[in-house]
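Asks: Next come a sequence and a model predicted from it.
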Amino acid sequence: MKISHQDYETVGVLTLSGDYTSDDVEHFKRVASERRSAGVKHIMIDCENLEFVDSAGLESWLRLQESLGESGGQMRLLRPDDVLTRILALTRLDLAFEAHPTVESAVRSLR
């Protein structure tokens, strides 16, 4: 998996590409922690180029969301495809994660 990031003041967008599996969780945590140390309060995970996410990846998103919430931040998913949307629904994680089609709509939801 590849991760790139873009920060917009207190909002960080992490773009994930490829497969996100248990092998990638530590790298994801490190990048998210670096962004938070750089002043990011809210994190958007851009899923547009994500091809697969396993249960460890989903769990890492839950942990990040909990951690952000403890410091007043929030997490949003951006552009999940139909497969990811179905996985979230089947696991009932669609109730835990708020998804948006654009960065703009996700940022507006933070207010």
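Replies: Perfect, thanks for sending it. Residues are numbered from 1 along each chain as shown.
Asks: what about the longest strand in this structure?
Replies: strand 42-53 (DSSP state E).
Asks: quick one, the helix or strand that comes right after it and strand 42-53 angle?
Replies: Next along the chain after strand 42-53, taking DSSP states H and E as the criterion, comes helix 55-70. With axes from the mean of the first three to the mean of the last three CA atoms, to 10 degrees defining the directions, helix 55-70 sits at 170 degrees from strand 42-53.
Asks: Any idea how far helix 55-70 is from the middle of the chain?
Replies: Averaging C-alpha positions (CA atoms, centre = their mean, to the nearest Å) puts helix 55-70 8 Å from its chain's average.
Asks: I would like the residues contacting whichever helix or strand comes after that helix, please.
Replies: For helix 55-70, the following helix or strand on the C-terminal side (DSSP H and E) is strand 75-78. With CB atoms under 8 Å, 6 or more residues apart in numbering as the test, strand 75-78 has contacts from 13, 42-48, 61, 64-65, 68, 84, 97-103, 106, 109-110. Just so you know, the C-beta spots here come from the backbone N, C-alpha and C atoms, and that holds for glycine as well.
Asks: thinking again about what came up before, packing partners for the longest strand of the chain?
Replies: strand 11-20, helix 25-37, helix 55-70, strand 75-78, helix 82-90, helix 103-109 (3 or more CB pairs under 8 Å, 6 or more residues apart in numbering; DSSP states H and E).
Asks: among these, which is nearest Ser4?
Replies: Closest approach to Ser4 among the helices and strands packed on strand 42-53 (CB to CB): strand 11-20, 4.8 Å.
Asks: Packing partners of that closest one?
Replies: Partner elements for strand 11-20 (3+ CB pairs under 8 Å, 6+ apart): strand 2-8, helix 25-37, strand 42-53.
Asks: relative to helix 55-70, how tilted is the second one?
Replies: Using the same axes, to 10 degrees, one finds that helix 25-37 and helix 55-70 are set 20 degrees apart in direction.
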